[in-house]
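> Generate coordinates for the sequence data below:
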Amino acid sequence: MTCRGVSGRERGYAPVVHEGNAAHMPVIGTLDELTDFIAHRKRLYVRWSLGPDVDLPELASRDDLTGIALPGLSASPLDVEPWWSERPLRLWAARRLYDYAHLPQVKGRRVRPWLLRGREIGRGPDNEPLVTGIEPLGWIDRTVIDEAVEEIRRQRGRWGTLDRTGRLGPTP
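Below is the predicted model:
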């Protein structure tokens with residue numbers, strides 16, 4: 001893992017506006033580095049946001065549909081499920097990133113993924129984990145997302161992101 005400040009543009013994201021402690025978080029630079037984290041640590045999550053400096057003071061996500069404050073930060077779990085069995089951990093990591101790789105286009109170019117360790121306290125309206133007791137571990141570089149996309153494209157099955165851009169039209 002590379003320890004360097006993150007301005008954003010050099011990694012394919014818009015620059016970070018809020019330059020607090022998160023600007024100096026380590027950067028996870030490869031899918032293999034992320035896979036190594038998953039292999040050796042538990043209670044890991046990926047959060048797509050402006051970063052811990054913005055998220056941690058309030059420690060609450062907001063439901064986009066209703067505006068309700070949720071009792072923790074929504075995040076994607078990285079812990080491997082038992083049913084995954086002996087399948088490649090790299091593919092697990094790639095799939096977990098790929099599912100939400102559309103978020104910078106939907107929520108804004110400054111939204112980026114970061115790795116955290118935390119404690120799940122409930123589920124949000126989309127059944128996503130709500131996490132507290134958060135320990136930020138590092139930014140996930142854009143190149144890791146690119147590697148994840150390539151890993152998914154090499155698979156035989158059809159798969160898409162969990163993109164909700166309204167392409168099917170508004171709900172009644």
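
> so how far is the top helix by length along the chain off the chain centroid?
Determined from DSSP state H, the single longest helix within the chain is helix 142-153. Distance of helix 142-153 from the chain centroid (Cα atoms, centre = their mean, to the nearest Å) equals 13 Å.

> hmm, who's touching that helix?
11-13, 28-31, 33-34, 90-91, 93-95, 97-98, 101, 112-113, 159 (Cβ atoms under 8 Å, 6 or more residues apart in numbering). In short, each C-beta sits where N, CA and C put it, glycine included.

> where's Asp64 relative to Ile28, distance?
27 Å (Cβ to Cβ, to the nearest Å).

> same check, this time on Leu89
To Ile28, Leu89 is 15 Å away according to Cβ to Cβ.

> between these two, who's got more neighbours?
Here Leu89 and Ile28 are set side by side on neighbour count (other Cβ atoms under 10 Å), and the busier one is Ile28, at 24 against 16.

> contacting residues for the more buried one?
1, 34, 37, 115, 137-141, 144.

> list the buried ones in stretch 122-141?
124, 128-131, 134, 136-141 (16 or more other Cβ atoms under 10 Å).

> likewise stretch 141-161?
Buried residues in stretch 141-161, defined by neighbour count with 16+ other Cβ under 10 Å: 141-142, 144-145, 147-148, 151-152, 161.

> how about these in a markdown table, adding distance to Leu70?
Formatted as a markdown table, those follow (distance: Cβ to Cβ, whole Å):
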| residue | distance to Leu70 |
| --- | --- |
| Asp141 | 28 |
| Arg142 | 27 |
| Val144 | 27 |
| Ile145 | 25 |
| Glu147 | 31 |
| Ala148 | 26 |
| Glu151 | 31 |
| Ile152 | 28 |
| Thr161 | 22 |
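
> Next one, pLDDT for Leu65 please.
At Leu65 the predicted local distance difference test score is 91.

> wait, doesn't it sit right on Asp126?
No: with contact defined as Cβ atoms under 8 Å, Leu65 does not count as touching Asp126 (9.3 Å).

> Show me the helices in this structure, by range?
Using DSSP H, the helices of the chain run over 31-40, 52-55, 89-98, 103-107, 142-153.

> of the ones you listed, which approaches Asp79 most closely?
Proximity of these to Asp79 was assessed by Cβ to Cβ; the nearest stretch is helix 31-40, lying at 7.6 Å.

> which strands and helices sit next to that closest one?
With contacts defined as 3 or more Cβ pairs under 8 Å, 6 or more residues apart in numbering; DSSP states H and E, the packing partners of helix 31-40 are helix 89-98, helix 142-153.

> Only the buried residues of that helix, if you could.
Buried positions in helix 31-40, judged by neighbour count with 16+ other Cβ under 10 Å: 31, 33-38.
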